[in-house]
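**Student:** I would like the atomic coordinates for the input below:
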Amino acid sequence: MKKIYVATKIRGFLLELFNDSGVEAKFIWRQGNVYETNSNLKLLLGNLVKSGLGDHLGLIQRIKVKNNTYDIAFSYNRFLNTKKKYIIYLENPTALFHYCLKRNNTYLGRIKIQKYLSDPALHSIICMSNACYKTLSHFYAIPNNVNVKRIYPLVSINPHSSIEVIKLKSARDIIKCLYISSNFNLKGGREIVEAFKILRKKGIKNIHLEIVTKMGTLSKQILGELDSIEGVYVNDFNYTKRELQQVYNDSNILLHPTRQDSFSLEVLEAMKAGNVILATDLYAIPEMVTDGFNGFLTSPRYRFYNYNNLPNPEVWNNRGETIHSDYIDVDIVDFLVKKLQFLNDDRSILEQMAINSFRRASGAEFSREYIINEWNSLLNQLK
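**Tutor:** Sure thing, here's the model as predicted:
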């Protein structure tokens, strides 16, 4: 069995793949390299890497692999310096040059990127989404010998969920909404609060909300507002995987009106539990959610990506004045209120959309069988 050395820091969702018994290889990684949210130190270092000086120097990180007791190397969003074949799993094309839109167009940046792409050790670039896959060529001239394909993240089935469970929870008097994010404002938390204030003013009290976020990031004002809304509950971002699966299973609707996203794992996890999705139409989200089929989509005030899934420089390079600024998107508030009322009033549509979510997330290219087969096929190509 091949040994695959994970040479970079990785997001926790990749452990689903690494630990799956169906994978015909053994992944080796350090637990200290697994993260869900960025530490303050990483954010500080990231700001230095993304500075204008980094653009001038054409700074492109390439991680040297010192461990030689493996057959293949695995990277998440980074180039590697290794004599053995390696794979990059990529969330977004800009990740390879640190999300800095000028970096790949500088003289030094272009030279380094093309050098690293032409490295004979680079075997494959595996994109997390079609949005990533279809825009890769906009940023890079990929050599013919580099294999490029798309494999969605592996998200395991929810052991608590079934069609019967979905039917039962859709018929409950109480509709349970769920919002999960470590960054409350950036993922649409303020708009959700305003929407629930309006629902209560309308006398609609049977639509409840559980918020899962980092409690320490919430201001006293927001906490006070949340505490004053009947049927709204706030919990810290510290659930185990099993506990979170139960939370998803108990919910009817995931609220995800995000201002910035590449691939939203929360959307796919919620779909695995038969949740209807109310979200913005950014990047890979429409690959999971079809408007009117298993949820509803809307456009945010500021488009972090344009409709071709390319970075919008006016927003991307001015986040403090746009997506990070202190505003409430009233159109999103109106969207949430209207769609929640609609789904509350017509439970047959709520049920059918929830079943559609469950079936889509359980089959085809999101299924465990398909994803594992794709990885095994790729790994078997590597000698």
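**Student:** which SS class is the nearest residue to Ser156 once chain neighbours are set aside?
**Tutor:** Nearest residue to Ser156, sequence neighbours excluded (CB to CB, 6 or more residues apart in numbering): Glu16, at 5.6 Å. Quick note: C-beta positions are derived from backbone N, CA and C, even for glycine. The local conformation at Glu16, judged by DSSP: H, G, I helix; E, B strand; the rest coil, is helix.
**Student:** before we move on, what about Leu297?
**Tutor:** Classified using three-state DSSP, Leu297 is strand.
**Student:** quick check: it touching Pro286?
**Tutor:** Yes - look at Leu297 against Pro286 with CB atoms under 8 Å: they come within range, at 6.4 Å.
**Student:** do a quick rundown of the strands in the stretch 251-383 of the chain.
**Tutor:** 253-256, 276-280, 295-298 (DSSP state E, counting those that start in this stretch).
**Student:** which one of those lies closest to Glu164?
**Tutor:** strand 276-280 (17.2 Å; CB to CB).
**Student:** now do the closest one: distance to the chain's middle.
**Tutor:** 14 Å (CA atoms, centre = their mean, to the nearest Å).
**Student:** partners of it, with directions?
**Tutor:** strand 253-256 (parallel), strand 295-298 (parallel) (DSSP bridges).
**Student:** how about the last one: buried residues?
**Tutor:** It refers to strand 295-298. Buried residues in strand 295-298, counted by 16 or more other CB atoms under 10 Å: Gly295, Phe296, Leu297, Thr298.
**Student:** name the nearest residue to the last one, ignoring sequence neighbours.
**Tutor:** To tie it back to what came earlier, the one meant is Thr298. That would be Phe335: by CB to CB, 6+ apart, it lies 4.4 Å from Thr298.
**Student:** wait, what's in contact with the one you found?
**Tutor:** Each residue near Phe335 by CB atoms under 8 Å, 6 or more residues apart in numbering is listed here: Pro257, Leu278, Phe296, Thr298.
**Student:** re earlier: is it possible to export the buried residues of strand 295-298 to a markdown table including distance to Val65 and pLDDT?
**Tutor:** Shown next, in a markdown table, are the buried residues of strand 295-298 (distance: CB to CB, whole Å; pLDDT from 0 to 100):
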| residue | distance to Val65 | pLDDT |
| --- | --- | --- |
| Gly295 | 41 | 98 |
| Phe296 | 45 | 98 |
| Leu297 | 41 | 98 |
| Thr298 | 44 | 98 |
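**Student:** I figured Val65 hits Thr8, correct?
**Tutor:** No - contact criterion CB under 8 Å: Val65 and Thr8 do not qualify, at 9.5 Å.
**Student:** find residues that contact each of the two.
**Tutor:** Leu80.
**Student:** what about Gln61, distance to His123?
**Tutor:** To His123, Gln61 is 19 Å away according to CB to CB, to the nearest Å.
**Student:** who's more crowded, these two?
**Tutor:** Neighbours were counted for Gln61 and for His123 using other CB atoms under 10 Å; His123 has more, 21 against 16.
**Student:** doesn't that one lie inside a helix?
**Tutor:** No - the assignment for His123, made by three-state DSSP, is strand rather than a helix.
**Student:** could you report the neighbour count for Thr94?
**Tutor:** Thr94, neighbours per other CB under 10 Å, totals 21.
**Student:** could you do Gly320 as well?
**Tutor:** 7.
**Student:** look at the residue sitting furthest away from the middle of the chain and tell me its secondary structure.
**Tutor:** The C-alpha centroid of the chain is most remote from Gly203, which lies 34.3 Å away (CA atoms, centre = their mean). Secondary structure for Gly203, judged by three-state DSSP, is coil.
**Student:** quick check: it vs Leu350, distance?
**Tutor:** With CB to CB as the criterion, Gly203 and Leu350 are 20 Å apart.
**Student:** go on, Val330?
**Tutor:** 25 Å.
**Student:** neighbour-wise, which of these two wins?
**Tutor:** Leu350 (21 against 11).
**Student:** am I right that the more buried one is in contact with Cys177?
**Tutor:** No - counting by CB under 8 Å, Leu350 stays clear of Cys177, with 11.5 Å between them.
**Student:** near Leu278, how many other residues are there?
**Tutor:** For Leu278, using other CB under 10 Å, the count is 26.
**Student:** in stretch 200-211, what's buried?
**Tutor:** Going by 16+ other CB under 10 Å, stretch 200-211 has these buried residues: Arg200, Ile204, Ile207, His208, Leu209, Glu210, Ile211.
**Student:** meant to ask about stretch 96-103
**Tutor:** Leu96, Phe97, His98, Tyr99, Cys100, Leu101, Arg103.
**Student:** contact partners for the second one?
**Tutor:** For Phe97, the contact set (CB under 8 Å, 6+ apart) comprises Ile60, Arg103, Asn104, Gly109, Ile113, Phe139.
**Student:** and what of Val315?
**Tutor:** Here Val315 is in contact with Tyr302, Arg303, Phe304, Thr322, Ile323 (CB under 8 Å, 6+ apart).
**Student:** could you measure the last one against Leu297, distance?
**Tutor:** So the one you mean is Ile323. Applying CB to CB to Ile323 and Leu297 gives a distance of 18 Å.
**Student:** okay if I get the strands paired with strand 276-280 as TSV plus distance to Ile157?
**Tutor:** Listed next are those as TSV, based on distance: least, CB to CB, whole Å:
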stretch	distance to Ile157
strand 253-256	17
strand 295-298	19
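**Student:** quick one, what contacts the most centrally placed residue in the chain?
**Tutor:** With distances taken as CA atoms, centre = their mean, the chain has Ser264 as the residue nearest its mean C-alpha position (2.5 Å). Contact analysis of Ser264 by CB under 8 Å, 6+ apart lists His256, Thr258, Ala279, Ala284, Ile285, Met288.
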